[in-house]
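[1] Give the three-dimensional model of this entry:
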Amino acid sequence: MGEIHLSDAEWEIMNCLWNKPNQKISEIVIALSEKKAWDKHTVITLLNRLEKKGRAKEYYPLISQKETVKQETEQFFKRVCQGSLRLMVNSFLSSKAVKKEDLDELYRMLDEAREGNE
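    Numbering: from 1, shown residues only. Prediction:
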């Protein structure tokens, strides 16, 4: 499968399908009605767009959420941060309050990465 490029609306549909695969259109509309005021025709249009991109056929995802998030994150990282991890982390940390638990998790992940590189 090629590079993944999903719109915000397509992300909503894919998250719905990853949370519960093999849904009927009516089930997707109901599941999304809490967040979006989309009617059946909007959902059908989005599913058709996803089908053309090879992401949903018969209303179940053909690509994993993990792989999609990985590819989209890598594309964002290259496009917005010019591949600079320092720029990305600095921007994120300076723009919002970060919980202690999140920092602890970040340190744990960095330690694991460091151990893997030794």
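[2] make it CA atoms for all contacts and neighbour counts henceforth
    Will do.
[3] pLDDT wise, what is the residue positioned nearest the centre of the chain at?
    What sits nearest the mean C-alpha location of the chain, by C-alpha atoms, centre = their mean, is V69, with 4.4 Å. According to the prediction, V69 has pLDDT 89.
[4] E112 too?
    pLDDT, E112: 90.
[5] Shouldn't it be within a helix?
    Yes - per DSSP: H, G, I helix; E, B strand; the rest coil, E112 lies within a helix segment.
[6] Neighbours of it, how many?
    11 (other C-alpha atoms under 10 Å).
[7] so how far is E105 from it?
    Taking C-alpha to C-alpha, to the nearest Å as the measure, E112 and E105 are separated by 11 Å.
[8] what ranges do the strands span in the protein?
    56-57, 60-61 (DSSP state E).
[9] Out of those, name the one with the poorest average pLDDT.
    strand 56-57 (a mean of 52).
[10] What's the separation between F77 and L85?
    8 Å.
[11] nope, K70 is what I was after
    Where L85 is concerned, K70 sits at a distance of 15 Å (C-alpha to C-alpha).
[12] ditto for A113
    From A113 to L85 the distance is 14 Å (C-alpha to C-alpha).
[13] remind me which residues of the protein are low pLDDT?
    Within the chain, the set of residues satisfying pLDDT under 70 comprises 1, 54-60, 118.
[14] repeat that for 80
    By pLDDT under 80, the weakly predicted segments of the chain are 1-4, 24, 50-63, 95-97, 117-118.
[15] Show me where it has its helices.
    Ranges of helices within the chain are 8-19, 25-33, 40-52, 65-81, 85-95, 100-117, based on DSSP state H.
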